[in-house]
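>>> compute the structure for the input listed below.
(chains A, B, C, D, E and F)
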Number of protein chains: 6
Amino acid sequence: MKPNSDLLDLLLEVQLLDRIPRVGYLLSGVSDPESVSEHTWHVAFLVWVLGESIPEVDRLHSLEIAMVHDLAELRTGDLPRTASRYLPDEAKETAEAAAIEEILAPLPARMRRLWKEYQVGESTEARLVKACDKLQMMLKVQLYESQGNDGVRRFWDNPENFPDFGFPLIERLFTELRQRRTG
Amino acid sequence: MKPNSDLLDLLLEVQLLDRIPRVGYLLSGVSDPESVSEHTWHVAFLVWVLGESIPEVDRLHSLEIAMVHDLAELRTGDLPRTASRYLPDEAKETAEAAAIEEILAPLPARMRRLWKEYQVGESTEARLVKACDKLQMMLKVQLYESQGNDGVRRFWDNPENFPDFGFPLIERLFTELRQRRTG
Amino acid sequence: MKPNSDLLDLLLEVQLLDRIPRVGYLLSGVSDPESVSEHTWHVAFLVWVLGESIPEVDRLHSLEIAMVHDLAELRTGDLPRTASRYLPDEAKETAEAAAIEEILAPLPARMRRLWKEYQVGESTEARLVKACDKLQMMLKVQLYESQGNDGVRRFWDNPENFPDFGFPLIERLFTELRQRRTG
Amino acid sequence: MKPNSDLLDLLLEVQLLDRIPRVGYLLSGVSDPESVSEHTWHVAFLVWVLGESIPEVDRLHSLEIAMVHDLAELRTGDLPRTASRYLPDEAKETAEAAAIEEILAPLPARMRRLWKEYQVGESTEARLVKACDKLQMMLKVQLYESQGNDGVRRFWDNPENFPDFGFPLIERLFTELRQRRTG
Amino acid sequence: MKPNSDLLDLLLEVQLLDRIPRVGYLLSGVSDPESVSEHTWHVAFLVWVLGESIPEVDRLHSLEIAMVHDLAELRTGDLPRTASRYLPDEAKETAEAAAIEEILAPLPARMRRLWKEYQVGESTEARLVKACDKLQMMLKVQLYESQGNDGVRRFWDNPENFPDFGFPLIERLFTELRQRRTG
Amino acid sequence: MKPNSDLLDLLLEVQLLDRIPRVGYLLSGVSDPESVSEHTWHVAFLVWVLGESIPEVDRLHSLEIAMVHDLAELRTGDLPRTASRYLPDEAKETAEAAAIEEILAPLPARMRRLWKEYQVGESTEARLVKACDKLQMMLKVQLYESQGNDGVRRFWDNPENFPDFGFPLIERLFTELRQRRTG
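Model (predicted):
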């Protein structure tokens, strides 16, 4: 596998993102779980809907970050959370950064830099995408659990799954989601 | 089913879009075909990548249209192309318009109107999304066919599957895609 | 898609009915749910078994109605219940009637008329098929629920899912089914 | 597992027939192949359509035989063709006969005897069902092959897959099917 | 199907074992259940791990028995437990013995005899494989149940699913497994 | 995730290996591809069958190596080949070594060291497992391709997929496999 040499190569490769299952759900016993494409779509949708109510967010910029935030998984796969535990510091980020460079090679440098901005996670827009990444995960957990998949229950016990990244709207939605579950 | 009464209702319902298979591929023998979520993600990605090179496109506006363009299928399902043949004129549009109103009820009217703009198909941004909707379909057909799914061959024979909507970039990509296939 | 021009066209098209999932179960989180072929088989089986104990039923006639009752879905797909809410009055019936005419074109008019009889729902035989259509749905719901699919629970709360169409035997079976569930 | 003691037990057990895959297709590499429910539905449909044109056939009687012809597989599974090669003479029939007795225990003896009639295969109606059992298999093979499943090609090479059981209509359809394939 | 005539035939046929689902789980409503390949791997793994702590076991010999213990299912399929109830005495064993002879035909007689040793079930090594065969079944039941598949609950009620075959280590593991379940 | 603290923890975790798909096949368009459990079983089977004919191999020792060779994937997932390209040198091995230590924590150090022996790849037994790892991959490719999955064709073009590791028997089988394909 090499850097994509033209736009059509890139567009065809991206179609493969549907084939990468979200491994955390798979290991929790969800059969036919969400793909990385589906996850990415839902994150972008959340960013769009919630960004509308957060004046300080540049909405186009946040949507652009959502577009690329998991694209490296086309070449690295969806590493389960446990994998990070065993990889040397920074190894995952370095690998993903290199993968993004090669996948998005036919695009302008500006677009490839969006992934880095997401990793750093300091800009308002990057923080919104990071918050939506987790909110989406828990919305899907709620759906799977309401449909009888008990294996995802443990997601509710990990406080790291509910980060608001400083957005009161996200904090409120996490609270409402927890209330609906126990309600 | 009723209009969504708050934001969380909406966000949870949208998670179900993964469960709607793209019926045209299903009837062509693709097992485990693309979902409507996956299709929508790919259309948004194309709009983002190609919009960058088309100066007259308002990129945020076109991404917003892509977000909602197939969302009515949450409540109407993905009607196969043959269904339209049997439904009275306008019935499909009327149904989808009503579905969109109820699904997106918690959002501002501005956001709900994007779907109508897509249907009318006159603005530059709506035309770009419509072109990407078909381009994505043929990119996926190319992938399925290269993986041995011969049932999708007939997609190449329908001239309506290759509309450029006046964008030379789209026309060029359709040409390259056909060349790659026969090449 | 056009009217089938000979018997073999018809027979091959009918094989595709396996590829149409029952959308209501899909949206309830059942992975790999019943196909329309499977549903139709179970309805025919119920009609056969129960018709034996209902003297006023012409058993061949009721089986014939069961054969065609969902065949239009080959070309319209399985519209989710919510879709009917948005479609103009009669649009669904008109579409299905047209689809049936074209699918069954190689068969005698007598056979194509059976679908209309089902829609009208007045003859004893049509009423029996309609009752078995719902009874089968709830038998499958019972199975899915007993296997841990909690997403189908809501089917029990809708009184329209338990119509006896005037047959005491059907009424009795619905009662027994409810008792077994809570029992 | 025991004889079903009441009608509801029987009706619930029959729902499980969807879970038995047709093993011959599975071993040929068809992913998500036809279930025994789907096969049975298609055989019944063929018997209904073709019986209309064969005056000597009692149509109700042939449909009744189609209903039960593979029902024993609820308890024995779909034995691959190779299994028969290893089982002692008559063992498969004896097992299936016993299974049918227990599955259909709540039904009148007349209905349970239909399976035996199918096995003997002498009555006009039993012969029609046997012919449709193979015709359906080859229709599905044609579909799978046209969709790119090359693993089913070997089905065309086995002359035992094309028995007409003395019906010219079946013979004609097998001929047309072969012509369409090579055509 | 015939005896394999060379080693490559055998090696290719064995790849098909992945396509045989474990029917008991399928009928319990587990979608996408364990294949016979997966079951066999887990039995071999258990034999390897537990054999290490049981001095009287010849570890290589027990692993060899695990390798072949379900291989006949390549040609007979995975007969559901209910099937044995209907088959004449010894019919299943006779069929499987014949299947093993033909599948493993290119291997030395010593290797083909391992299956017979398993069936007889008297040697220490055969008893260990038989115990692990059931222990693996219940470990998987525990997993499926913890993931929300309620249809497998009945496995816990059958005392025949917990045979220790005289090994205190197996007895202890069954006890611990039951304790973990009831928590 | 932590080191397994007792044997039952280990045995239950290993059941999850069925849920890890072999990513290379998934990205090649094989729907429902081999799991890591299935792959491991086939490698062990090959080691067993081929080891019989290679006198210098300690057969128990080679089977033990096969048992553990991919077990780290329980916690790291099946990294696609492309991932290694982006990870810093040794990062994958270091991660897998750590994962193995924690997964197999309840077992004696001797058993945990087998994975290291596989990685080093110098002992006769480790070389046999490495050769069988690739031979199994190509046997499965041959099966998928013969069943119509054209997406796996590219596996034949990579010379690294046919290493004999110095065993003439493996070399012969690769040659026969290629001949059968083109033959």
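
>>> the closest residue to chain D within chain A in helix, strand or coil?
In chain A, the residue found nearest to chain D is A:Asp32; the distance is 11.1 Å by CB to the nearest CB. Every residue, glycine included, has its C-beta placed from N, CA and C. Of the three states, A:Asp32 takes coil according to DSSP: H, G, I helix; E, B strand; the rest coil.

>>> I'd guessed it sits against C:Asp32; true?
Yes. Using CB atoms under 8 Å, A:Asp32 is in contact with C:Asp32, at 7.4 Å.

>>> shared neighbours of the two, which are they?
E:Ser31, E:Asp32 (CB atoms under 8 Å, 6 or more residues apart in numbering or on different chains).

>>> interface residues of chain A facing chain E?
Selection of chain A residues close to chain E by CB under 8 Å from any CB of the partner chain yields A:Ser28, A:Gly29, A:Val30, A:Ser31, A:Asp32, A:Gly148, A:Asn149, A:Asp150, A:Gly151.

>>> low-confidence ranges in chain A?
Applying pLDDT under 70 to chain A flags residues A:1.

>>> what about A:Glu5, which SS state?
Slight slip there: residue A:5 is Ser, not Glu. Per three-state DSSP, A:Ser5 ends up coil.

>>> what count of nearby residues applies to A:Thr182?
Other residues within reach of A:Thr182 by the criterion other CB atoms under 10 Å in any protein chain shown amount to 6.

>>> do you know how far it is from chain E?
Between A:Thr182 and chain E the distance, using CB to the nearest CB, to the nearest Å, works out to 18 Å.

>>> ok, that residue - contacts?
Listed by CB under 8 Å, 6+ apart, A:Thr182 has no contact partners.

>>> now the residue of chain A found nearest chain E, nearest residue through space, not along the chain?
Going by CB to the nearest CB, chain E is nearest to A:Gly29 of chain A, at 2.7 Å. Spatial nearest neighbour of A:Gly29, excluding adjacent residues (CB to CB, 6 or more residues apart in numbering or on different chains): E:Gln147 at 2.7 Å.

>>> residues contacting the residue of chain A closest to chain E?
Counting by CB under 8 Å, 6+ apart, A:Gly29 touches A:Asn149, A:Asp150, A:Gly151, A:Val152, E:Leu143, E:Tyr144, E:Ser146, E:Gln147, E:Gly148, E:Asn149, F:Arg19.

>>> from C:Met67, how far out is the residue nearest in space to the middle of chain A?
In chain A, the centroid-proximal residue (CA atoms, centre = their mean) is A:Asp133; its distance is 4.4 Å. Using CB to CB, to the nearest Å, A:Asp133 is found at 50 Å from C:Met67.

>>> I'd assumed C:Asp150 was in contact with A:Ser146.
Yes. A:Ser146 lies in contact with C:Asp150 (CB under 8 Å); the separation is 6.8 Å.

>>> now the phi/psi pair for the residue nearest to the centre of chain A, please.
Backbone torsions for A:Asp133, taken as degrees, to the nearest 10, come to phi -60, psi -40.

>>> one more: A:Thr94?
Dihedral angles of A:Thr94 (phi, psi; degrees, to the nearest 10) stand at phi -60, psi -40.

>>> can you get me a residue count around it?
16.

>>> quick one: contacts for the residue nearest to it when sequence neighbours are not counted?
Distances taken as CB to CB, 6+ apart put F:Pro88 closest to A:Thr94, at 6.3 Å, once the chain neighbours are dropped. F:Pro88 is in contact with A:Pro88, A:Ala91, A:Thr94, A:Ala95, counting by CB under 8 Å, 6+ apart.

>>> ok, A:Gln142 next?
Per CB under 8 Å, 6+ apart, neighbours of A:Gln142: A:Leu177, A:Arg180, A:Arg181, B:Leu12.

>>> pull the most distant pair out of the residues of chain A next to chain E.
Within those, A:Asp32 and A:Asp150 form the most distant pair, 16.5 Å apart (CB to CB).

>>> who has more neighbours out of the two?
Comparing A:Asp32 with A:Asp150 by neighbour count (other CB under 10 Å), the higher total belongs to A:Asp150, at 18 against 15.

>>> end to end on stretch A:29-41, go ahead and measure it.
Start-to-end span of stretch A:29-41 (CA to CA, to the nearest Å) is 23 Å.
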